[in-house]
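Student: Make a model of this:
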Amino acid sequence: MFSVLPAAADEIAPQCRPGERVVLAAEDGFFPYTGLYKGQLRGFSLDIVTAAFAAVGCAVEFRQMPYSRCLREVQAGRISGCFNTTNSDENLLKYIFHSAPLFHGRILVYGPPGFKGPFTDAEFERSTFSVVRGYTYTDAFDNNPQIEKIEVESDLQTLALVSRGRADFAVVYERVAQFHIGNNANQVTPAPVPVASLTEFDLFVSFSKANLEKSVWLAHALDLGLGQIHKNGVYSGIEAVWDEWLQSGVGQGKPAPYWTNGSS
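Tutor: Next comes the predicted model:
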C-alpha cells in the first residue's frame, strides 16, 4: 500500500500509492480537537492529521467512533490508528507512536462555581471525578485506586455531571471545556469552573502493533508530514483559523473550519 521515494541520504521519504488511503479511527466526542459538530466530523487535530498525511501524498479516510472503541479497534488490528492519544507509559506499551505531537494540551480540574477551595491533593481521596471512559490523564491519577472515578462517554457528559451535582469534579482538556461550557448552556448550567491544573500533555495518533511494519511506516510518514506543514506554515494557518472560529465564529453561527486541498 505504500512505497519509498528517493530522498536525501539521511531521510526516507514515504509516499502512499495513487488512489490508496490511510484508514484511521477518529474519536467523535473531543471537539474542538476532533469530534462531531452539527452532525459532521470536524476538529483542529483532524485537520492537522489530514494536512500532514497530504504533505507526503497520503489521503486519509476517517471512521468516527467513541474513543474507547477507537482504542479497541486499534489494539485488535482492525484499524491502523486512533487519535487523540497520550504517550503515557501504559500507552507506549500498547501502541506505536510518531515522534512529533499533533498538538499540546492542558488538562484542568473543573468544579462547581460554588467551590470554596483551595483544591488540594486531599480532594483526590474524598471526592468523585467524572472522566471519559478510555481516556488517559496521568499515570498517578489513572492508577490510583483511592480516586473514585465516574466514567462516561464524552467530555460534555463529565461537565454535565458536575453541573447537576452528580460528580464533585470533572477532568477535562481546557479548550474542550471552554467550547462545551460556551455552547451547551442548557446542559452545563451552572457552568463548572477551573479549580486546578492536573497536567499538560502532548497528543498523538496511536498506531496498531498488530501490523508492526505498516504502523512504523505510517508513524514515520506522519512525522515527515508534520515537519513539512510546520515548515511551510500550513500548521500555523490551520491553528489561526481554529483560534478565530473559537473566539468569534462559533458565536456567530459560522460553520466549523475544515481543511481540504490546502485551505480551511
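Student: shouldn't Val172 be in contact with Tyr110?
Tutor: Yes: counting by CB atoms under 8 Å, Val172 touches Tyr110, with 5.8 Å between them. C-beta: built from backbone N, CA, C; applies to glycine.
Student: Need the overlap of contacts for these two.
Tutor: Common contact partners of Val172 and Tyr110 (CB atoms under 8 Å, 6 or more residues apart in numbering): Leu159.
Student: Buried by neighbour count: which residues of the host helix or strand of Leu71 qualify?
Tutor: Element membership for Leu71 (DSSP states H and E) is helix 67-75. Residues Tyr67, Arg69, Cys70, Leu71, Arg72, Glu73, Val74, Gln75 are the ones in helix 67-75 that count as buried (16 or more other CB atoms under 10 Å).
Student: so for that helix, what's the average pLDDT?
Tutor: In this model, helix 67-75 has a mean pLDDT of 95.
Student: and the closest residue to Ile238 other than its chain neighbours, what pLDDT?
Tutor: Nearest non-adjacent residue to Ile238, counting by CB to CB, 6 or more residues apart in numbering: Asp47, 4.9 Å away. pLDDT, Asp47: 98.
Student: Which strands or helices does the strand or helix carrying Asp47 pack on?
Tutor: Following DSSP H and E, one finds Asp47 within helix 44-55. Contact analysis of helix 44-55 by 3 or more CB pairs under 8 Å, 6 or more residues apart in numbering; DSSP states H and E lists strand 21-27, strand 34-37, strand 59-65, strand 81-86, strand 103-111, helix 212-231, helix 234-244 as its packing neighbours.
Student: Paired strands for the helix or strand just after the shortest one, with orientation please.
Tutor: Beyond strand 34-37 in the direction of the C-terminus, DSSP H and E gives the next helix or strand as strand 40-42. Sheet pairing here is set by DSSP bridges, and for strand 40-42 it gives strand 34-37 (antiparallel).
Student: Quick one: mean pLDDT for the strand it pairs with?
Tutor: The average pLDDT within strand 34-37 is 94.
Student: now do stretch 159-171
Tutor: In this model, stretch 159-171 has a mean pLDDT of 97.
Student: What residues sit buried inside the helix holding Asp47?
Tutor: The neighbour-count check on helix 44-55 (16+ other CB under 10 Å) flags Phe44, Ser45, Leu46, Asp47, Ile48, Val49, Thr50, Ala51, Ala52, Phe53, Ala54, Ala55 as buried.
Student: what residues does that helix touch?
Tutor: Under the criterion CB under 8 Å, 6+ apart, residues 16, 22, 24, 26, 32-34, 59-60, 62, 83-84, 102-103, 203, 205, 221-222, 224-226, 228-229, 232, 234-235, 238-239, 242, 257-260, 264 lie in contact with helix 44-55.
Student: rerun at 6 Å
Tutor: Residues outside helix 44-55 that contact it (CB atoms under 6 Å, 6 or more residues apart in numbering) are 22, 32-34, 60, 84, 102-103, 222, 225-226, 228-229, 234, 238, 242, 259.
Student: Which secondary structure element is home to Phe204?
Tutor: Assigned by DSSP H and E, Phe204 falls within strand 193-208.
Student: And the contacts of that strand?
Tutor: Contact partners of strand 193-208, identified using CB under 6 Å, 6+ apart, comprise 74, 77, 80-87, 95-97, 101-111, 113, 115, 117, 119, 138, 171, 215, 218-219.
Student: Let me know the angle separating it from helix 44-55.
Tutor: 30 degrees (axes from the mean of the first three to the mean of the last three CA atoms, to 10 degrees).
Student: What strands line up against strand 193-208, and which way round?
Tutor: Strand 193-208 pairs in its sheet with strand 81-86 (antiparallel), strand 95-97 (antiparallel), strand 103-111 (antiparallel), by DSSP bridges.
Student: C-terminal to the first one, which secondary structure element comes first?
Tutor: This points to strand 81-86. Later in the chain than strand 81-86, the nearest helix or strand by DSSP H and E is helix 89-94.
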